[in-house]
Each structure stands twice: as structure tokens, then as C-alpha cells.
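Visitor: Please find the sequence and the predicted model below.
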Amino acid sequence: MSPETSAAAEHHHHPALAHHFDSLAEQNEAATLGMWVFLVTEVLFFGGALMAYSIYRSWYPGAFASASHHLDVTLGAVNTAVLIVSSLTMAMAVHAAQLGERGKLKAFLLITMVLGATFLVVKGFEYHEKYVEHHIPGLGLPFDYSAEPQFAATAQIFFSIYFVLTGLHALHMIVGLGIMTWMYIWAANGTIDKDYSSPIEISGLYWHFVDIVWIFLFPLLYLIGRHASGAH
Amino acid sequence: MASTAPIAPLPTLPKKHYLNDGTTVASWLLTRDHKRIALLYLVAVTVFFVIGGLFAVLVRLELATPAGDLLSDDSYNKVFTMHGVMMVFFFLIPAIPGTLGNFLIPIMIGAKDLAFPKLNLASWYIFMIGATFGTYSVLNGGLDTGWTFYTPFSTVASTSAVVPAALGVFINGFSSILTGLNFIVTIHRMRAPGMTWFRLPLFVWSHYATSLIMVLGTPVLAITVVLVAAERIFSFGIFDANRGGDPVLFQHLFWFYSHPAVYIMVLPAMGVMSELVAASCRKPVFGYTFVAFASLAIAIIGFFVWGHHMFVAGQSVYAALIFSILSFLVAVPSAVKVFNWTATMYKGAVSWQTPTLYAIGFIGLFTIGGLTGLFLSSVGLDIHLTDTYFIVAHFHYIMVGGTIMGYLGGIHFWWPKMTGRMYNELLAKISAALIFFGFNLTFFPQFVVGYLGMPRRYHAYPPEFQMLNVLSSAGASILAVGYALPLSYLIYSLKYGKVAGNNPWGAVGLEWTTTSPPPTANFEETPLVTWDAYEYPARVEGHVA
Amino acid sequence: MAPRVDAFYLFLVGLTAFFSILIALTVIFYFVKYRRRSPDQVGTRIEGGMALEITWSVIPLLITMVIFGWSTNLFFAFTRPPAETLNIYVVGKQWMWKFQHLNGQREINELHVPVGRNVKLIMTSEDVIHDVFVPAFRVKADVLPGRYTHMWFNPTKPGRYHLFCAEYCGTKHSGMIGEVVVQEPAEYEAWLATGRAEGSLASAGGKLFQDLACNTCHRPDAVGRGPVLQGLFGRQITLGDGGRQTVDEAYLRESILTPNMKLTQGFQPVMPAYQGLVTEEGVLQLIEYVKSLGTQPQSQPVRPASGGPAPGETHTPSPNEVNR
């Protein structure tokens, strides 16, 4: 049954309807709830690392403020903007999917993916900069914080947490790009239609979540303390 | 069924059921049927239980004498570590949810399957991948950090296979998360018409509470082992005191999951208990709503007691007191459950079959396990008792006396439903008795030797503790026989056991209304539920096969 | 403490025995009395009872609160050492215990203490987490790297008692054991006097202070590049970032090993880090030396004379400046 005719009626048994659900609506609700529960899990996952962050931030406010100066706020802000726009295009993609506008859906998914990739490229430049400045702790790399030796030890903790948090976030972005690619294929081959847009919707939930994580990380890592005690 | 009726025809197996719906290896390994996935879990966790049990045998053999003579100190450390890792992460956590939960939740709520069957299969594969890493770390030199991975020992000092083991735990965590997620969505969305929340069997309630912990707690463990692995691989300094890090932070993060994880292990067993007690007595569980909400209360309060693992770790006085009082509060819902199960037996029609024996064994052992928890919630006394054999005895009373009794009781209760056949009742009773006495003989002396001051995780110990350790080792050998028996007669029953019929126990519950074994879709048609859980005696007639 | 802990323990044992036996007997009684007599028999339908539920929720709650009160009382006795204590420094490392007495006497895996004195252990670890456990005294405390933890006891009977490491610490964890030797005071004094103690702990610290050339900057006359140490211990100082800090053992340790983390206000980060250069025992000797430089309130400023006093400087003793 082609997607065009499947919209006709429930009785025709939509190809995406699994055997253990009575209707697509039920199936979609279950899928959405599942994604929400998964996102709660994700909150706790990042929460553990943020807990470490907040404890050390309160112990070593000076070092954290000092170290956050070495992050590139401009690039961080650009990335923030990129992700916010990608959230918008993702929302447009969901809208297009619900209306069954396949062309628009594909276009918006593509834009979202391009923006996501842009974020990762910028992040890559930032990581490279850390490498050049010897601000990568561990890995046997030289760590140089001689400008403010009093913070040398604890700045390493800041950068450790920075790499853990942004690394996990980047990993989530990469997973997100994978999901978007998959959704693009489904959009292109007609699996997604007006009645079966929930895969796009729940992928959208995930994408927005990953964006929101960044909205938290950006101020926590780049901005807080920048103009407070850390400024010399 | 009138008393004058002629001898009822012997029950026969249904022609078509989930077990013969496809016989190829692929039909098992690629199945999306929750019942088959449950059996995959059953096989897997049994294997890990045997491996973990063999490590326990080595521990008890070594401790039969005070000198460290059987194993080298390093080997001993690896043996008890692998015993803990295998048992906790690869047996206790998945055992009941993975097998009984998977098998029963959809049937009990009148659904055809879990909400996400593919995800369910993925959970099992993720579990197996995690377990493969765990096993790899055993074969690749073993792990010697204790199952608790305490820093800085695990990050700086240990030379053993910490990273693969941590990875195994991390991956296994995702299996747990996905299982919990699947259960939550299933219980919310897949209930049959008329199956309201307060008609759910208590087994489902306790699995709902368990799933909440799986979803909320496990990710914190995941990030914690990620940090440990990152410390080891990249030599970050997050837990390194020499670089301003805090090793105790690890303990906070670890126990934030691992204390609730104890409830992941024991809550499902409590759910099994409620079913067993109700069916054994053929009457409703006393105080249904209290038992249901006690599960949620345990799950929720359980998240705020983790600090009681760190009373001697330089915690502030006030933090210690808060964690102490919250730990006492967890005791209340646990006590409520025990009282309600006991009260259920009042004026019941108490069966003397094997599942009942496990049920009353559970009540006894869990009572002791729970009450000795009060000793450890008391900060003033925990100072003396923590890290001694007292604590080892306490948590074995909960995890073995509670979880494993519940697991085995549940397996014996639902075995006829899962396989369509009965096991040998006499052997089952003998093994239940052996397990009960063997268990007590193994672990009761450990309370005493702990109070006398024997620290845990000791390869060699002062000779004055030998008598009690010999008793413990003797008990362990009885326990081992007790565990080996079910393995043999259950396997034997698969082929030779007598056909059980749809409802061998005369129990109520949707699972007893379908055939044994159930059809792939669980029910011929979606049931319409118009009765409460445990509606004896009104409904029992219609259920007796 | 042991009799008090035991009394509490026995109370809990009694309570556990009472409830376990009560429940066990009830279960067995019901198991027999209400056994199923015919295959079709069903139980009497009883849904529950609010009064009972409340009773068996409230009674356990009250009992646990009694236990909590009693245990808290005990706990306070453990956490609040008496004012006057005999201090002994403990350093744990894989896999031995090192003890230093104030007079400079040192020992390994054996701890001599006099009977009837309040003994306080100030403990740290060189590597991983250890834990001092003396079952006979019912005391236990983790020994953490990078931190000082304390515990105290008052031995009442001469004899030899087990000392265990109770936090798993690797290969020879079960070999990291020793003995507490409780002696009569005279015997203890005699033991203290034996051996080749090279002077008191403080004097060893003083020697180390000179060897490491600390005295070139930390001078008593407030013209050095580092803060004056005389009378510093126990005071509250102002840090470079404006924060307040009580000078205790932990702060001194941090200031020796990683001095630039929390600089006293008005000082430059010129002191080299002694991390890895001084052993944990050396640090303890230095701390004892600083303590010996007096803990009485001082009128001298702790900043260099050239700097001049800054606002917020601790000239007048604040109520927090408790003498130790």
C-alpha cells in the first residue's frame, strides 16, 4: 500500500501500525511517552556531571572563573545561535511532517542537519584551540597554565569537566545527526506520511533536548564568573 | 465443577503457543515476543548466577581457614569483586524484571506485548554486550576494585581491567534504562479496557516503582562510570585528591544510583511476594493500596538515603543525621508490606505447595534483613558495623533472602505458565528447605563475626573468627546444593513434567485465564476487565481448569 | 564508648528478635491453622483495615524515631572529642599504618596509648582510601588522601587490641592490620622515652622548616615574602579573593602542598608547591611546628610591613579566633 492511499482510513491497517496496538494514535502516544521518559533519563545523565561541576565550582570559584576566560565566547555564542536556529528548523520539519508536505519536510531536515554539522565543526575548532593552548588535561599532553599558576591544578578540573560535558553533548549531537539521516530516508521513501509523523515528532523532541542541554552548558561553562571575581 | 463429576480429563498442551511458534534459532534470537525475550533473559541470568556463584564458592573456601592459603591475595580480591559485579549487575538487577517482569507484565495487564518490542529485544542484546565486557574483564586479568569501584583506588591504584568492567556496567545500565522505560510506557498505555490502575496486580505496581528507579537512577551510575573510565584513560583529575579533586564525590554519585539499585533488586521480589501470598491464600492481598503505595514510597525515599553508605567517610555531622533519619523512614513502608503479607494469611486457604514455602521463607528472611538495616541506619552503631561482615550479612539477607527467594518463588509459581509443565513437587520442596536452612547457616554467623569486628573483603583473618567462618562455609555448601537442584528438576520438567493446565494453582489474574503456555498474542481476544485484582472467591470457579 | 554502643546494640538485637519471632510465629501459625483443606477452598475475603494499617505504620515509625534519637546521642559522643586530648598523627599507605607521637616517637602497625587518656587520631592517607577500625573500641573512620579525618577513644583496659584497615585498599588490604597497645601511664611514659626519637614532632618540623628553607620567607618579623606563622594556627584570615579561612590542619596542609590555591590577602603567588616534595609525615611535622609557634592572639600583622594593612585585615581577634 502506498503512502498516498494509506491515509484513506484506519480500517486499511496502516503499514506502520504494529500488531500489538489497536490504532496508530495509541502507538504514537506510546512512542511520545517513551521519548519523554528517555529524556528524563538523559537529564539525570547530564545531571551527574553537572553535580560534579557545581561542587567544584563552589570549591574553586577563582580557578573556574579564570579558566572560563580561556573559552572562546564568540564561538560559543555562534554555536548557541546555530542550535537555536536548528531547533526552529526542526520544529518546521515536524510541522511539515504533520501536514504531509514531504518536500518541505526533507528540506527542513536537511537544514537542521547542516546546522547540527556546523555546530560540530565549530566545536572542533574550539577543541583544536584548547589543544594549541595546552589546555587539555590528561592524555599525557602538556598542560600549561603558567599565566596564573595558583589555578594550575584546579583549572585542570574545570577543563576535565568541560571536555566531559561538551564531549557528551557532542556525542548526542552526532547521534542526533544519525537519527536525522534516518528520518530523512524515511521521509524520502514515504514511510513518513500525514498519519505517521510521530517518528519525526519524537526525533524532534530529542533534537530540542540536545539543544536545551547546550543552552545550559553555554552559560555554565563560558559565561558565569566571567565578569565577577575572575576578572583581574 | 460438581463434586460428583467424573475424573477430569488430564489437561493437554495447547496446539499452538509461543514456544512452538517458530523453532529456528533465528526465531528465538530475533524474536520480538516478550515471552521469548523473557526466556532469553532467564537463560542469560542463570549463566551469570552460576558464574557469580562459583566465585562465591571460592570466597567461602578461602575463608574456611584464617590464613590466606587457597588463593593469592590478588586472586582473592578479584574473586570477591567478580562475585559482586556478576551478581549485582548481571544477575540481581535484571533477574526478576528481565524474566518474570518481561513475561508477565503484558499478560497481567491484558496487552499483546510490551509497548516497544524491538526495544525490548535490543535491551537484551545490550545486556549481553555489557555482560560480554564484564566477562572479558574476568578473563583479561580480572577486576580487583570491589563491585563499588571506589576512587582513587579504581582510578589510580588498581592495575586490573577497570575500563572494560566499567564499560560493561555502563552498557548494562542502558539495558536497564530501556527495560524500565518500556515497562513504564507499557503500564501507562497498554492496559486492557477496564484495567484501571487500582485493578493492577501488585506485581505490576512494584515493577512500575522499580522502573522509575531504573530510569532515574541508572543514568547517574552511567555518568559516574564514564567519569571513572575518563580518569583512567585520559588521566583527568576529577577524583584525584592530589589535583584538587574529591574521591568522596565518586561515592556520592555511585551510591545515588547504587542505593536505589538495592530497591531495583528487591522491589520486584516484593511484587512476586504479593502475587504468591494472594494465590497461596486465595484471598486478596491485605491492604492493596497500602502495599501498592509502599512500593512507590520505597522507590522515592530510596533516592534520598545514599549518604548512609558514607557515615565514616568524613561526612558532615548534619548530613549524616539527615541520611540517617531518611533511612529509618524507608523502614516504615517495608514494614507495612511485611505486616500486610502476614495479615493476608489470616483466614486464608493456605496452600502447602512450593511457591508458598518460598513466600513464607521470604517474609522471614526479609524481616531479619530489614530489621538489621535499622542497626546500620543508626549512625552511632554504623560506625562500628560498616565495612564488617555485619553489613555483608545484612545485604545478603536482603538480596539473597529477599531477591533470590522472590525470584525462585516466582519461577516456581509461573513455571507451569511459562512452560506448560509442572516440576517435581517433592524435589522442589526439598530444595526450598535446603536453600532456607543453607542460607541462614551461611549468613547468620556473619552478623556475629561482623559485630566481633571482622572486616569485609579480607583475604586472611585472625584465627578467633574461624569457627563462625567455618559455619558460614558449611552453610554455603548446603546453599549450593539447594540452588543446583532446581536447575536440574526444572530442566527435566521441560520434557518430562506433567502437563500443568491453564490454571494449576486455582489462582486469579489475567495470566491464568490464557493457555499454558500462552499463545504468541497472549490472548485469543483482548480481555475486558471488570474485576479487581485478587477477586477470590467470586471468580475462582471460572478459573480452575 | 564500648559499653554504650553494646547497650544500644543489645537493644536493637532484642527488638529484632522480638519482631522476627513475632512474625515468624504468626506466619507459621497461620500456615498451619489456615492450611487448605480441599482443592477448591478459597480464603475469606478480607480487603484490609484502615485501623490496622495506621497502627502498623505509626508504631514502626515511632520505634525508628526512638532508635534514631538514641543513635544520634551516641553519634554525638563520637563526633565531639573532649577538649583535652592526646593527639597522635596517623598516615596510612598501601599497606601499612604509620603513627607519629607528639614527642617524635614513631611506630608502624602498632599504636601505643596510655590507659584512661582521651586519645585523638588525626589521620590522612598517602594513596587510596583506608580506614582505621579498632573493634574493641567500637570506632572506625575513613582515612582519605588529601584530607584530615579525626577519631577519638578512651581506652579503659590495658592490653593489645586489633587494628584493621576497614576500607578495601588493594592487594594486601587484609594485611594492613596492626595492634593498639594500651599501657598503664607509667609504662607508656617509659615506652615513649625509649627508641631513637630525634626530638619532638614539632622540632622535627622545625628542622624540616629550615631544610626546605621555608624560614627565608616565613619570618617572625613580618618582613618576609610569606605570612608570619607565629600565632597563626586557629586564627581566621582573609584570603586574596576576600574569602575567610580558619587556619586549621587542612588549610596548612593545602598551603604547603599547593600554596597558591588560597593565598592570604596581600601576598603574591611566589611560593613553590611542595606537592611530591614533602611526605605526608613531613607535612604533619610542619603542621605541628606551626602549632608550636604559638596559638595565642598576636598583635603583629601577618602581611609584610611594606604592604600596609588593607581593609578587612584581621587585626583584632574576632570571636571566631578560637585558640586551639
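Guide: In hand now; what should we look at?

Visitor: who's in contact with residue B:177?
Guide: Counting by Cβ atoms under 8 Å, 6 or more residues apart in numbering or on different chains, residue B:177 makes contact with A:38, A:41, B:214-215, B:218-219, B:222. In short, each C-beta sits where N, CA and C put it, glycine included.

Visitor: do you know how far residue B:264 is from chain A?
Guide: Distance, residue B:264 to chain A, by Cβ to the nearest Cβ, to the nearest Å: 14 Å.

Visitor: Could you single out the nearest of the contacts of residue B:177 to chain C?
Guide: Taking Cβ to the nearest Cβ as the measure, chain C sits nearest to residue B:222 out of the contacts of residue B:177, at 23.1 Å.

Visitor: what helices or strands is whichever strand or helix holds the closest one leaning on?
Guide: If you go by DSSP states H and E, residue B:222 is part of helix B:202-234. For helix B:202-234, the packing partners by 3 or more Cβ pairs under 8 Å, 6 or more residues apart in numbering or on different chains; DSSP states H and E come out as helix A:24-59, helix A:152-189, helix B:102-108, helix B:162-189, helix B:247-281, helix B:288-301.

Visitor: go again using 6 Å as the cut-off
Guide: helix A:24-59, helix B:162-189, helix B:247-281, helix B:288-301 (3 or more Cβ pairs under 6 Å, 6 or more residues apart in numbering or on different chains; DSSP states H and E).

Visitor: Could you identify which of the ones you listed is most buried?
Guide: The highest average neighbour count among the helices and strands packed on helix B:202-234, using mean count of other Cβ atoms under 10 Å in any protein chain shown, belongs to helix B:247-281 at a mean of 27.

Visitor: still on that earlier bit, top of the contacts of residue B:177 by neighbour count?
Guide: With neighbours defined as other Cβ atoms under 10 Å in any protein chain shown, the most crowded of the contacts of residue B:177 is residue B:214; it has 30 neighbours.

Visitor: Touching, that one and residue B:176? I think so.
Guide: Yes: look at residue B:214 against residue B:176 with Cβ atoms under 6 Å: they come within range, at 5.0 Å.

Visitor: circling back to that earlier point, what's the model's confidence in the helix holding residue B:222, averaged?
Guide: Averaged across helix B:202-234, the pLDDT comes to 93.

Visitor: angle of that helix against helix A:24-59?
Guide: Angle of helix B:202-234 versus helix A:24-59, following axes from the mean of the first three to the mean of the last three Cα atoms, to 10 degrees, is 50 degrees.

Visitor: How far does helix B:202-234 sit from its chain's centre?
Guide: Distance of helix B:202-234 from its chain centroid, counting by Cα atoms, centre = their mean, to the nearest Å, is 15 Å.

Visitor: Secondary structure element holding residue B:449?
Guide: Residue B:449 is part of helix B:425-451, with elements assigned from DSSP H and E.

Visitor: For chain C, give me its nearest residue in chain A.
Guide: As assessed by Cβ to the nearest Cβ, chain C sits closest to residue A:150 within chain A, at 3.0 Å.

Visitor: Give me the secondary structure label for that residue.
Guide: Assigned by DSSP: H, G, I helix; E, B strand; the rest coil, the conformation of residue A:150 is helix.

Visitor: Just give me the neighbour total for the closest residue to it other than its chain neighbours.
Guide: Once flanking residues are discounted, residue A:150 sits nearest to residue C:260: 3.0 Å by Cβ to Cβ, 6 or more residues apart in numbering or on different chains. For residue C:260, the count of nearby residues is 21 (other Cβ under 10 Å).

Visitor: For residue A:192, give me the pLDDT.
Guide: Per-residue confidence at residue A:192 stands at 89 (pLDDT).

Visitor: ok, now which ones touch the closest residue to chain A within the stretch 151-300 of chain C?
Guide: Nearest residue of the stretch 151-300 of chain C to chain A: residue C:260, at 3.0 Å (Cβ to the nearest Cβ). By Cβ atoms under 6 Å, 6 or more residues apart in numbering or on different chains, the contact set of residue C:260 is A:149-150, C:269.

Visitor: Enumerate the residues of chain A near chain C.
Guide: Counting by Cβ under 6 Å from any Cβ of the partner chain, the residues of chain A close to chain C are A:62, A:149-150, A:153, A:229.

Visitor: The stretch 301-450 of chain B now?
Guide: Proximity of the stretch 301-450 of chain B to chain C, by Cβ under 6 Å from any Cβ, involves residues B:312-314, B:317, B:325, B:328, B:331-332, B:335-336, B:339, B:342, B:345, B:347-351, B:360, B:363-364, B:367-368, B:371, B:374-375, B:378-381, B:383-384, B:387.

Visitor: Would you point out the helix or strand in chain A whose mean pLDDT is lowest?
Guide: helix A:3-6 (a mean of 41; mean pLDDT, DSSP states H and E).

Visitor: what's residue 202 in contact with, if anything?
Guide: The chain I'm using is chain A. Contact analysis of residue A:202 by Cβ under 6 Å, 6+ apart lists A:31-32, A:35.

Visitor: Chain C is the one I meant
Guide: When contacts are counted by Cβ under 6 Å, 6+ apart, residue C:202 touches C:288-289, C:292.

Visitor: How is chain C divided into domains?
Guide: Residue ranges for each domain of chain C read C:88-193, C:201-292, as given by automatic domain parsing.

Visitor: From the opening residue of the longest one to its closing one, how far?
Guide: Counting by Cα to Cα, to the nearest Å, you get 16 Å between the two ends of domain C:88-193.

Visitor: what is the rounded mean pLDDT of that domain?
Guide: Averaging pLDDT along domain C:88-193 gives 93.

Visitor: ok, back up a step: so what secondary structure elements neighbour the helix holding residue B:449?
Guide: Right, helix B:425-451 is packed against helix B:354-377, helix B:389-398, helix B:466-496 by 3+ Cβ pairs under 6 Å, 6+ apart.

Visitor: Would you point to the one among the domains of chain C that's packed deepest?
Guide: Most buried among those, given mean count of other Cβ under 10 Å as the contact rule, is domain C:88-193, at a mean of 20.

Visitor: on that earlier part again, what values do phi and psi take at the residue of the stretch 151-300 of chain C closest to chain A?
Guide: When quoted as degrees, to the nearest 10, the phi and psi of residue C:260 stand at phi -90, psi 0.
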